[in-house]
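Colleague: Let's see this in three dimensions:
(one chain, ligands or ions: 1)
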Amino acid sequence: MESTSRCFPTGLARLIDIRDRFCRTPWCDAPIRHRDHIVEHQAGGPTDANNGAGLCEACNHAKQGEGWRAQPESAENGQLHSYRFTTPTGHEYRSTAPPLPTPFDGEIYIPIGRRMEVIFVDAA
Ligand SMILES: [Zn+2]
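Modeller: Numbering: from 1, shown residues only. You can find the predicted model right below:
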């Protein structure tokens with residue numbers, strides 16, 4: 001699903017909302033307000049599901065700041081959508097979409113514990 005538009009069309013935005021459910025910044029989990037281009041549109045990032053992520057307003061604005069970098073990871077069939085991003089301090093994180101909904105099995109989904117993964121910490 002890809003669009004030539006800079007804005008995410010309604011159907012694609014809904015797909016991202018359903019897939020991501022909460023802001024994709026690992027420590028946030030606020031409601032989604034923006035569908036963000038992981039690689040900015042002006043830098044050649046396509047308007048498609050792999051390059052889109054649901055973010056809250058605060059995280060989307062923070063990501064526009066100097067020193068933030070992000071790159072979607074290639075998703076193979078059956079894998080959850082994920083992307084890596086680097087903060088201005090050099091810390092690198094992976095944001096993985098929550099698991100697909102399943103019939104209730106008695107376990108309640110807790111987003112932050114399952115989605116936060118520190119990949120690389122550069123303390124220099
Ligand atoms: Zn957020």
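Colleague: and the nearest residue to residue 50 once chain neighbours are set aside, what does it touch?
Modeller: For residue 50, ignoring the flanking residues on the chain, the nearest one in space by C-beta to C-beta, 6 or more residues apart in numbering is residue 72 at 5.1 Å. All C-beta spots, glycine's among them, are computed from the backbone N, C-alpha and C. By C-beta atoms under 8 Å, 6 or more residues apart in numbering, the contact set of residue 72 is 38, 39, 50, 51, 81, 82, 83.
Colleague: What's the local residue count around the second one?
Modeller: Applying other C-beta atoms under 10 Å, we find 16 other residues in the vicinity of residue 39.
Colleague: pretty sure it is in a strand, no?
Modeller: No: per DSSP: H, G, I helix; E, B strand; the rest coil, residue 39 lies outside any strand segment and is coil.
Colleague: so it makes contact with residue 70?
Modeller: Yes: Residue 39 lies in contact with residue 70 (C-beta atoms under 8 Å); the separation is 6.8 Å.
Colleague: Tell me if the longest helix belonging to the chain is near the ion.
Modeller: Taking DSSP state H as the criterion, the chain has its longest helix at helix 10-20. No: applying C-beta under 5 Å from the ion, one finds helix 10-20 separated from the ion by no less than 10.8 Å.
Colleague: Only the buried residues of that helix, if you could.
Modeller: Across helix 10-20, burial judged by 16 or more other C-beta atoms under 10 Å covers 12, 13, 15, 16, 19, 20.
Colleague: Local confidence estimate at the residue nearest to the last one when sequence neighbours are not counted?
Modeller: In space, residue 20 comes closest to residue 54 once its chain neighbours are excluded; the distance is 3.7 Å by C-beta to C-beta, 6+ apart. At residue 54, the model reports a pLDDT of 97.
Colleague: Show me what residue 54 is bridged to.
Modeller: Beta bridges link residue 54 to residue 35, judged by DSSP bridges.
Colleague: Cool, thanks, signing off.
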